[in-house]
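Undergrad: Quick one: sequence plus predicted model below, questions after.
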Amino acid sequence: MQIYASSCLFMLLAALASVQVLTGCGPAQPGGGFPERDADVSGSLDLAFSEARARESLGRLRSSSTEVGSLTQVVYRSTEWKRDASGSSPANCMGMSLRASSLHACQMFATAAPVSAAGQPSRTVEASLEATRLSGPAPLAVQFDATGTTSSLAGQHPFHQVRYSFNFGDERGQVWPISGLPKNVQTGGPLAAHVFDQPGTYQVRVRATDPAGGYSERSVSVEVLDPNVVYAGTKTICVSTAGNFSDCPDGASRVAMVPNSAALNGRRVLLRRDETFGSIEIGHGSQNVQVGAFGTGAKPRVSRVLVGGIGPSSSAFPRDITVMDLNILQSLEQFVTMSRLLVYRNTFDVPTGELTTAQINLASALAYIVKNHKLAPSQYHQPRELFVVENQLRGSTANPHLNMAGEGSRFVIMGNDMGTAQQHTVRLWGMYKGFIAHNALRGGSSDGIRVALKIHSGGLGEYNDNYAISGSTWASRQIVIANNRLGDASDNNSFTGGASPENNGPNSRQGLEDVVLENNVFHRGPNTNTEFILMGRRMSSRGNTRADGGAPNINQFGNSYKLLPPDWVGPFFTR
């Protein structure tokens, strides 16, 4: 026990000497939770102890049990220092309750205080900004990636310890209905995304701010094209079974039936509102396709949407596909792989028939198809640039299996309202550079042991776009889960979500790393006892709250993942 008390004492003394210290773990009394919280100006939560509270906690640490299997793992960190008039820094030692089945040594990360003045350009942090694309027709979905940001401060991990503020240059006064936050900005982790609805040129900026307030900025320019120009004339097809073509763009083709899949390639297909259609099939090899609505009234009703084939004939997988403003009665399914998919502002009815996997099903058959179909693995790429934005889904506890399932990279799930399924609301088999934000993921399942959000992986391998190199065995990496409403008062599940191996059985050798869970609001149902399970390496939890005012239970599920190597467990960061 003395080693833990000594380590935490070292951390406290270092803090008093204005040296920032991060610890990955350390024991405390079982059942320990969050200390009191005060909101900072950004709306996130600053969890800080005074020096007296820190010394009091240190005393409790010295007297806590060390019995293996009954410890509560506590994560400490130093937040931005608040200096008093004398220039000294108060101790800042706080923790998140994480149950552990074995003793973990404290992992210390010490950094000297940054020399740059607060609010000034910094020499210690260098911002990076990449965009998944820089041009295309509206609506244009783009993910912005600042994960290449570097810090010269010893021990700093920029993914977790630098604060990122994105401005998309698209100020129209819009807010996310679920979080109430403005759509034009995103603050927190190093990944963000935006859908540009209007043509124009937009200057997108990120500011990376280090713990002392020094900052660095980068920007990119995004050109959004007018779809009426891109799809001028007969590149647009208006479809009305009743022959009502009012509001159809001038020069567009006008037909009574949805064209076959081959005719959709390179075209915009607009379905008449308040009418009902059959399936929409976007064939293998299709590129630059938009499917949407025209006219006034309710969204056009379609039975299902299929993107690509389950038995691809070549490596010309679908690319640049937008499906928007539809009422989908059964499902949207994309079985194998593709790039640049935007599923936008659709409403999904409760399905009446059996589904393969989910109402939104993205690439969940990829591994099976690669193994059993004729193309060589090297001809497949991982699904990438997938955007599921502002859709509404309600399933049933009888059918389908899930509201949404999928895997891929540069993967954005944003502004959706989902809930009620036979199994999980959202299940992600693997995610690389994922951004999950401003959603309501409500849970509610057939047996009460499912979750609103489940993220795991295929193994411990590195990600590669080429399927032949990484297959389905890559670990989930670089994921930001922010500003969501997770759970619901009517949920029957015992826990709300997790980013962890899928279970603690023999298939638990599934890695996750660099995950940030921040500023989410958890809603408990009558059976809820755990808000979220974080299990992997370099995992952050910060600013998360419960709607009822209680402390969210964010833990490690007893650290019982039997095949997860020790170096894939922690450190865990909070603030």
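TA: Sure, I can see it.
Undergrad: Pull out the CA atoms of whichever helix or strand residue 165 is part of and give them to me as CSV.
TA: Per DSSP states H and E: residue 165 is located in strand 163-167. Extracted C-alpha coordinates of strand 163-167, given in CSV (Å, rounded to 0.1, in the frame of the first residue of the first chain):
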residue,chain,number,x,y,z
ARG,A,163,-8.4,21.3,-25.9
TYR,A,164,-9.7,21.8,-29.5
SER,A,165,-12.1,24.4,-30.7
PHE,A,166,-13.5,24.0,-34.2
ASN,A,167,-15.3,26.8,-36.1
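Undergrad: model confidence over it, on average?
TA: Averaging pLDDT along strand 163-167 yields 98.
Undergrad: Straight-line length of stretch 433-452, end to end?
TA: Taking CA to CA, to the nearest Å, stretch 433-452 runs 20 Å from one end to the other.
Undergrad: Buried residues, that stretch. List them.
TA: By neighbour count on 16 or more other CB atoms under 10 Å, the buried set for stretch 433-452 is 433-446, 450-452. C-beta here means a position set from N, CA and C on the backbone, and glycine is covered the same way.
Undergrad: Counting by contacts, list what the strand holding residue 165 packs against.
TA: strand 185-188, strand 200-209 (3 or more CB pairs under 8 Å, 6 or more residues apart in numbering; DSSP states H and E).
Undergrad: residue closest to the middle of this protein?
TA: residue 436 (2.5 Å; CA atoms, centre = their mean).
Undergrad: Parallel or antiparallel, which strands does the host helix or strand of it pair with?
TA: Element membership for residue 436 (DSSP H and E) is strand 426-437. Sheet pairing for strand 426-437, assigned by DSSP bridges, gives strand 402-414 (parallel), strand 453-455 (parallel), strand 476-482 (parallel).
Undergrad: So what touches the second one?
TA: Outside of strand 453-455, the residues within contact range by CB atoms under 8 Å, 6 or more residues apart in numbering are 424-428, 431, 434, 436, 441, 476, 479, 481, 484, 486, 496-500, 502, 512, 515.
Undergrad: next SSE after that strand?
TA: Downstream of strand 453-455 (by DSSP H and E), the next one is helix 467-470.
Undergrad: Which positions within that following helix qualify as buried?
TA: 467, 470.
Undergrad: Low-confidence ranges, the stretch 151-300 of the chain, go.
TA: Scanning the stretch 151-300 of the chain for pLDDT under 70 picks out nothing.
Undergrad: ok, which stretches of it are strands?
TA: 163-167, 185-188, 191-196, 200-209, 215-225, 236-239, 253-255, 268-272, 276-277, 280-282, 287-294 (DSSP state E, counting those that start in this stretch).
Undergrad: Show me what the following helix or strand past the last one pairs with in its sheet, parallel or antiparallel.
TA: Read that as strand 287-294. As assigned by DSSP H and E, the chain's next helix or strand after strand 287-294 is strand 301-307. Paired with strand 301-307 in the same sheet, following DSSP bridges, are strand 276-277 (parallel), strand 280-282 (parallel), strand 327-334 (parallel).
Undergrad: and the very next helix or strand once past the strand holding residue 436, what other elements does it pack with?
TA: Once the chain leaves strand 426-437, the next helix or strand it forms, by DSSP H and E, is strand 440-441. Using 3+ CB pairs under 8 Å, 6+ apart, the elements in contact with strand 440-441 are strand 417-419, strand 485-487.
Undergrad: what element comes up after the last one heading to the C-terminus?
TA: Pointing back at strand 485-487 there. strand 495-499.
Undergrad: pLDDT below threshold where in this structure?
TA: Looking at the chain by pLDDT under 70, you get 1-120, 122, 557-560, 575.
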